[in-house]
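[1] Quick one, structure for this:
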Amino acid sequence: MKEDYIQTSPYAKTIDQWMVEMKIPSELRTKISTSDVILLPVGYHNRPLAFANGAYEFMEYCIGQNKLNIEICCTDDDFTQIEMCSFQLRLGRYLLPSAVIGVIFWNLISNYIYDQVEHYLPQTNKEDIVDSKDFQSAPEVSFSIILPDANGHNKEIKYDGPLEGIEKVGDIIKSMNDEATQRDTTFIE
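    Numbering: from 1, shown residues only. Got it, this is the predicted structure:
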């Protein structure tokens, strides 16, 4: 698999900067800044504050799982989704306060992705369809997760590629969590 489906880079923008840019009123700021996961806009061409078209559905799925407190960095009136015409599952961009939450969030993402792909594949003759690669392109997935590394600096992990490669993102998140945990226990000793 090509490695360029995954990009990891430093991410300097803070949630406070996002809330100013998104014009979040003060009564929502505490709710957003104290949540476990924050949905951020991805932007597209002339719509820099728009959200991915699958992000809201994924957010509702996460809320239904009752595992994490998830908020959107936007007011209801300003929420705009980008509609794209392709079979790509676009989950959006998420800011997380810790790598531990990243592991939990990763489990939600991977379960959701596989559930969605399973839902879209026809229920009859699935084996024939999967084996007939000439007529079927692999499902595509895109998302971005921002979380702190062991030094407390945010890193953005972007994935934009075939379904078969998403496990590597989970490995990166778990590695970041292990490094942060190792660093934290080193300071305790």
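
[2] From here on, just use CA atoms for contacts and neighbour counts.
    Will do.

[3] residue boundaries of the strands in the protein?
    Secondary structure of the chain, counting by DSSP state E: strands at 6-10, 37-40, 51-52, 70-72, 81-82, 88-95, 140-148, 154-162.

[4] Dump the first one to CSV, keeping only the CA atoms.
    As requested, C-alpha coordinates have been extracted for strand 6-10 and formatted as CSV (Å, rounded to 0.1, in the frame of the first residue of the first chain):
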residue,chain,number,x,y,z
ILE,A,6,-1.4,9.0,5.4
GLN,A,7,0.1,12.4,6.2
THR,A,8,1.2,13.4,9.7
SER,A,9,2.2,17.0,10.3
PRO,A,10,2.4,19.5,13.2
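
[5] Roughly how far does the closest residue to residue 97 other than its chain neighbours sit from residue 156?
    Nearest residue to residue 97 in three dimensions, chain neighbours excluded: residue 147, at 6.1 Å (CA to CA, 6 or more residues apart in numbering). Separation of residue 147 from residue 156 (CA to CA, to the nearest Å): 7 Å.

[6] picking up where we left off before, least reliable of the strands of the chain going by mean pLDDT?
    Across these, strand 81-82 has the smallest mean pLDDT, namely a mean of 77.

[7] got the contact list for it?
    Contact with strand 81-82 is made by 44, 50-53, as judged by CA atoms under 8 Å, 6 or more residues apart in numbering.

[8] Filter those residues down to the buried ones.
    Buried by 16 or more other CA atoms under 10 Å: 50-53, out of the contacts of strand 81-82.

[9] In terms of pLDDT, where does residue 128 sit?
    Confidence score, pLDDT, at residue 128: 51.

[10] ignore the last one, residue 60
    91.

[11] Regarding stretch 19-34, how distant is the last residue from the first?
    Note: stretch 19-34 ends 13 Å apart using CA to CA.

[12] Could you report the neighbour count for residue 158?
    20 (other CA atoms under 10 Å).

[13] Apart from its neighbours in sequence, what residue is nearest it?
    residue 144 (4.3 Å).

[14] ok, now which ones touch the one you found?
    91-94, 156-159.

[15] Find the pair from the residues you listed with maximum spatial separation.
    With CA to CA as the measure, no two of the contacts of residue 144 lie farther apart than 91 and 156, at 14.5 Å.

[16] which one of the two has more residues nearby?
    Between residue 91 and residue 156, counted using other CA under 10 Å, residue 91 has the larger neighbour count: 24 against 20.

[17] hang on, the earlier thing: what sits against the residue nearest to residue 97?
    Residue 147 neighbours (CA under 8 Å, 6+ apart): 95-99, 102, 154-156.
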